[in-house]
Structure formats: structure tokens, C-alpha cells
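J.: Just need the structure, nothing else, for what follows:
(chains A and B)
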Amino acid sequence: MTVAENTFENLRLELRRGCLTLAVLAQLRQEHYGYTLRKDLAERGLEIDESTLYPLLRRLETQGLLASQWREEDKRNKRFYRLSPEGEQILTRLLDEWNSINASVSRILEAETAPNSQAR
Amino acid sequence: MELLDRYLQAVRKYLPLRRQDDIIAELRANMESQIEDRESELGRSLTQGEFDDFLRKIGHPMVVASRYQPQQYLIGPTMFPMYLYVLRIAMLWIFIICMIVAAVVTPLTEGTGGAVVAAVFRTPGILIQTAAWITLVFAAFEFARTRYPNICPQIDGLNKSWNPSTLPPLEKEALREGKTRSFAQAVAEIIFSVLFLGWVLLIPHYPFLLLGPGVVFLKTSPYQLASVWWTFFGWIVALGIMQIVAKCIDLARGTWERRSRIQQIVFKIVGLIPVLVLLAAPGHIYVSLKNPAVDQAQFGQNLAQVNNAIHLGFSVICAIVVLQLAFDLGKWVSEAYRRREAAF
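T.: Numbering: from 1, shown residues only, chains lettered A, B, ... in the order given. Model (predicted):
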């Protein structure tokens, strides 16, 4: 891996990290267990490694943003996660932040492209 | 499925004891669901190779388990700047204290060159021990802070309690690199260097130029200077000539304003040679008797004490010069590194 690729990969991971948390919290407005959550996110275009997602669920639960319970489904005990009331509040605030950042970046990118299009 | 059990067993070994069962049960449920899904897609069981690929994709057991650990670093980003600052200050002061002990206290208490060298060689070990203790204390604090956030006080880092007005004033570039010399100063330096060299060259013929009225004592006393002083004298003259030549070259090239750091360091290194010549004097003899056959009985013991004292003195001087040189070299390397970083 070249230095540029390595730099890109680090920045990409950094960018993804926060987005993944947001996506997981948003997806857990409905109850899921680890594997189905991963499948649902992948179907919506967000692939997450098992080794990233499962510990992330644990961390979010420790922080009080998720609630979990063991339940039997298809003859197998599974741990189901759901957004806690505190998690819902945090998710609302995070989504506001996300939308604000998204809008700002869009405005910056528009401002970058506007002079070029005027010049043409 | 035996391979899955082996895999989970391996993951378990690296997990925190308290949560092992819970995490492994959850991991097993997720992995089994995933395997079932894959097998129903294929309409058959996974082959050994496919199972290997599946586990390989999930990751090495140690890596997978490490993601469940709450703390991934020894000293976190909040504490790290403080750790680095404390480490630097401690290293600097310990180094200075060790050098003072080696160069001043050891010669006064133990009085041998060997003890001084031993004291100098003890320094790296002391520095490593200090660094290890500081790291250990910070790591323990970080561990406690992360594991027990409710008990340990939260550190805001260096961001909250600082006042911008306490920032040091701007350093001027010229002050940092030393004062510049005018042309007149550069010429005056050469003239005085030549005069100094002339004075040095005259000393063997007219010792009173150095000793003044004390020259009478040299003539009447039973002692005389050993031959090592001639070698020392030769080096002093050579160094004087070298400095004059370098100053003339600077003047001719128009670079008299600021002597280059390399030139300064080279002169300091070469300047060590005369001191080393004296330190390596055969038998540490600097002064001898003019007529040993006559005066040995009366002055022999004093002579040995004088020679030892002179040797000790030069050992201390040598240690100080070496320290100064090491400090200059360190400063030079650090400045060069900063300039290189700034250039990028």
C-alpha cells in the first residue's frame, strides 16, 4: 500500500466510524440481533464487518444508548438490541448534527463548483 | 462445527474474564445464523475451505477479542501530551543531575577516573528506569480513569486551565541563531587571534608571559613540566592556526556574519584533542623532578599527589567539555529536524 493509499484508508475509516454509529442507532429503532442488523445494513448499502459491528453494539449498550435482552428465536438463543429512551434522544441530536454537517459540506462543494461553471 | 467451537474457544482466551460467556454466546448465535443463511443459499453444507474463508474473514481470534476490550491504548490521547511533557522534563533533569554527579560529586568523593566513567555509564540505566516508572504511573492512571470513570476525577487535558496571556513572547530569528558579526568585528577577531597565537608561540621562550613573577619559582623549584605539555602545546598552536584560517576563509567568502553550526561543532570536537592528550599522558605524569636522584626522597610523595590532582582536574574538564558538546550536538540535530519538518 502506498503512502497516499494508506492516508486515504485512514481518513476513510475515520469518516466511516461516526457514520456507522449513527446508522446502527438509526437501524435499531426496530429490534434486531447482531446478524440480522448486519444483513439489513448491508442491504441498504452499508457493509460492516462482524468484528466491528458486534463490539460496537456492546459499547453502545454500555453507554446506555441500547437495551438488550436474550430471547429464543428459531430454537436458538439470541441477543436482541433496541434503542433505549436515552439512545433515542442522542440519535435525534446526532441526526441534527449530521444534517447540519451534510448541509454545510454541500454548500461548500456548491461554492467550489459555482465559480467554475460561471467561468465556462 | 468443530472448527467454530475451536475458533470461539480461541476468542474466549483473549476476552475479559467477566464477560467471556456472554460475548461468546452472542458471537456463536450470530455466526451460526450466518452459516445457516449461507448454507441455505448454497443448498448444502459449507466445505472445509469455505468454512476457513468464513472464519478468516471474521478475523484472527485475538483481533476479534481485542475489539471487545474497553481500553485499546496504554496512555490515551487526553493524557498523552501531559505524559510526554512530564517525561521530557524528567529526562532532562535526571540527565543533568547524573552528569553533575558524574563530573563533580564522583571525582570529589571517589577521586578516580574509573569512577567517573562508571558514573557516566550508569546514566542510561537510570534514564530508562525513570521513563519506565513515569510510563507505568500514567498507564495506571489512564487504566483507572477508563475503567472507573465515576470514581476517578475526569481530566480535561491541557485545554481548560490555560491563559493565552501567559504564552511566551515571540522569539526573534536572529536571537535564536546567535548574534550576527559586523565586518569590523570579524577583522578584529582575526587580528586578536593572530596576536593570541603570537603570544602562545612566545611562551616557551619567555615563560614570564604566562607565569609572570611566578617564573622564578619554576626556575628554582625542583620540579619541571613533563614532555606531554609539548604535545599539548603543539595542539593548541595547531588549533589556533586552524581557527585563524577558518575565520579568513569566512571573511573571503563573505560569510563572516554568522559562523555555521557545523563549523562550531567541528571546532569543539577538535578542541577536545588537547585535553585528551593530557588525559592520556603516560603514567599520568605532568610534572617531574629535575634531579630525581637527589630530590626523590624529599619531594617524591608531593609529586605523586600533584600529578593525581592535575589528572583529576583534566578529567572533570573533559567531562564538562563532552557534556557541552553533546548538548550542542543535540540542539543542532533538533534544529535541523525542525527546519526539515517546517520545509515540508
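
J.: give me every residue that touches residue B:98.
T.: Contact analysis of residue B:98 by Cβ atoms under 8 Å, 6 or more residues apart in numbering or on different chains lists B:119, B:120, B:122, B:123, B:126, B:127. C-beta coordinates here come from the backbone N, C-alpha and C atoms, glycine included.

J.: correct me, but the second one touches residue B:102?
T.: Yes - Residue B:120 lies in contact with residue B:102 (Cβ atoms under 8 Å); the separation is 4.7 Å.

J.: Quick one: name the residues of the stretch 1-150 of chain B near chain A.
T.: Within the stretch 1-150 of chain B, the positions near chain A by Cβ under 8 Å from any Cβ of the partner chain are B:23, B:25-27, B:29-34, B:37, B:57-59, B:63-64, B:67-68, B:70.

J.: Put the buried members of those into a ChimeraX selection.
T.: Buried members of the residues of the stretch 1-150 of chain B next to chain A, defined by 16 or more other Cβ atoms under 10 Å in any protein chain shown, are picked up in ChimeraX with:
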select /B:23,26,27,29,30,31,32,33,34,58,59,64,67,68
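
J.: one step back: which residues are in contact with both of residue B:120 and residue B:102?
T.: In contact with both residue B:120 and residue B:102: residue B:319, using Cβ under 8 Å, 6+ apart.

J.: Between the two, point out the one with more neighbours.
T.: residue B:102 (22 against 18; other Cβ atoms under 10 Å in any protein chain shown).

J.: Chain B: helices as residue ranges?
T.: Ranges of helices in chain B, per DSSP state H, are B:2-13, B:20-42, B:48-58, B:61-66, B:80-100, B:106-109, B:113-147, B:173-176, B:183-202, B:208-211, B:215-220, B:228-253, B:261-279, B:292-343.

J.: list the contacts for the closest residue in space to residue B:62 that isn't next to it in sequence?
T.: Nearest non-adjacent residue to residue B:62, counting by Cβ to Cβ, 6 or more residues apart in numbering or on different chains: residue B:14, 5.1 Å away. Contact analysis of residue B:14 by Cβ under 8 Å, 6+ apart lists B:61, B:62, B:65, B:66.

J.: got a winner among those residues for most neighbours?
T.: Ranking these using other Cβ under 10 Å puts residue B:65 first, with 23 neighbours.

J.: pull the helix or strand with minimum mean pLDDT from the chain.
T.: Using chain A. The helix or strand of chain A with the poorest confidence is helix A:85-119; it has a mean of 86 (mean pLDDT, DSSP states H and E).

J.: switch to chain B, that's the one I care about
T.: helix B:173-176 (a mean of 50).

J.: contacting residues around the most centrally placed residue in chain A?
T.: For chain A, the residue nearest the mean C-alpha position is residue A:20 (2.1 Å; Cα atoms, centre = their mean). By Cβ under 8 Å, 6+ apart, the contact set of residue A:20 is A:46, A:48, A:52, A:53, A:56.

J.: Out of the residues you listed, which is nearest to chain B?
T.: Taking Cβ to the nearest Cβ as the measure, chain B sits nearest to residue A:52 out of the contacts of residue A:20, at 6.9 Å.

J.: Count the neighbours of the closest one for me.
T.: 18.

J.: For it, identify the helix or strand it belongs to.
T.: helix A:50-62 (DSSP states H and E).

J.: relative to helix A:85-119, how tilted is that helix?
T.: With axes from the mean of the first three to the mean of the last three Cα atoms, to 10 degrees applied, the angle from helix A:50-62 to helix A:85-119 works out at 120 degrees.

J.: Flag the shaky bits of the chain, pLDDT-wise.
T.: Going with chain A. A:1, A:114-120 (pLDDT under 70).

J.: look at chain B instead
T.: For chain B, applying pLDDT under 70 flags the ranges B:71, B:103-108, B:110-113, B:152-162, B:171-179, B:342-344.

J.: Now with 50, please.
T.: Scanning chain B with the threshold set as pLDDT under 50 gives B:174-175.

J.: Kindly report the domain assignment for it.
T.: Annotated domains of chain B cover B:2-66, B:80-155, B:181-343 [automatic domain parsing].

J.: closest one to residue A:80 among the ones you listed?
T.: With Cβ to Cβ as the criterion, residue A:80 lies closest to domain B:2-66 of those, at 10.3 Å.

J.: Kindly check the end-to-end length of the closest one for me.
T.: 23 Å (Cα to Cα, to the nearest Å).

J.: distance between that domain and the chain's centre?
T.: Centroid separation for domain B:2-66 versus its chain: 49 Å, with Cα atoms, centre = their mean, to the nearest Å.

J.: In the stretch 101-250 of chain B, what residue comes closest to chain A?
T.: Residue of the stretch 101-250 of chain B nearest chain A, by Cβ to the nearest Cβ: residue B:149 (11.0 Å).

J.: What values do phi and psi take at that residue?
T.: Main-chain dihedrals, residue B:149, degrees, to the nearest 10: phi -60, psi -20.

J.: Residue B:319 - how many residues pack around it?
T.: Using other Cβ under 10 Å, residue B:319 is surrounded by 22 other residues.

J.: Now do the strand or helix carrying residue A:11 against helix A:85-119, angle only.
T.: Using DSSP H and E, residue A:11 falls within helix A:3-27. If you take the same axes, to 10 degrees, helix A:3-27 sits at 130 degrees to helix A:85-119.

J.: which other residues reach the helix or strand following helix A:3-27?
T.: Going down the chain from helix A:3-27, the next helix or strand is strand A:32-33, by DSSP H and E. Defining contact as Cβ under 8 Å, 6+ apart, one finds that strand A:32-33 is touched by A:40, A:73, A:78, A:79, A:80, A:81, A:82, B:29, B:30, B:33.
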